[in-house]
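> need a 3D model of the sequence below.
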Amino acid sequence: QVHVAESGGGSVQAGGSLTLSCTASAHTSHGYAMGWFRQAPGKEREFVACISVSGGSTYYSESVKGRFTISGGNARAYLQMNRMKPEDTAVYYCAAREMSSPLFPVTTTAAHDYDYWGQGTQVTVFS
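Model prediction:
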């Protein structure tokens, strides 16, 4: 069983910064691509950012592009969040996808593609 754990959530004033960290406990020869998602109260879970096993490929949602940076790769993922806005308030989830097939794209924005999920960490941005 793979355990995914996030840390680093908290409260920050609008315009400020936070960094989230994530680690998947087990390793595989295939490697893990990683993704961050978030869910605000009353809303559906949405994609935020993802990174390939090598760390060389990343992808962002339009709502965070230019403000957030994902780094890491292969069972580790960090999300540097800058110039934060109240609408960034949500529970942030880290997810890991075991890259068990060479046919898989190196990154994916689809939540159902990920195999393992963390419990989530609360991020609150106040104005």
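> how far does the helix or strand where residue 59 lies sit from its chain's centre?
In this assignment (DSSP states H and E), residue 59 forms part of strand 58-60. When distances are taken as C-alpha atoms, centre = their mean, to the nearest Å, strand 58-60 is centred 10 Å away from the chain's centroid.
> who touches it?
Applying C-beta atoms under 8 Å, 6 or more residues apart in numbering, the contact partners of strand 58-60 are 48-52, 68, 70, 107, 109. Using the backbone N, CA and C atoms, a C-beta is placed for each residue, glycine as well.
> which residue is the nearest non-sequential neighbour of residue 80?
Distances taken as C-beta to C-beta, 6 or more residues apart in numbering put residue 69 closest to residue 80, at 4.4 Å, once the chain neighbours are dropped.
> wait, that neighbour touches residue 79, no?
Yes. Using C-beta atoms under 8 Å, residue 69 is in contact with residue 79, at 7.4 Å.
> neighbour count winner among these two?
Between residue 69 and residue 79, counted using other C-beta atoms under 10 Å, the more crowded position is residue 79 (26 against 16).
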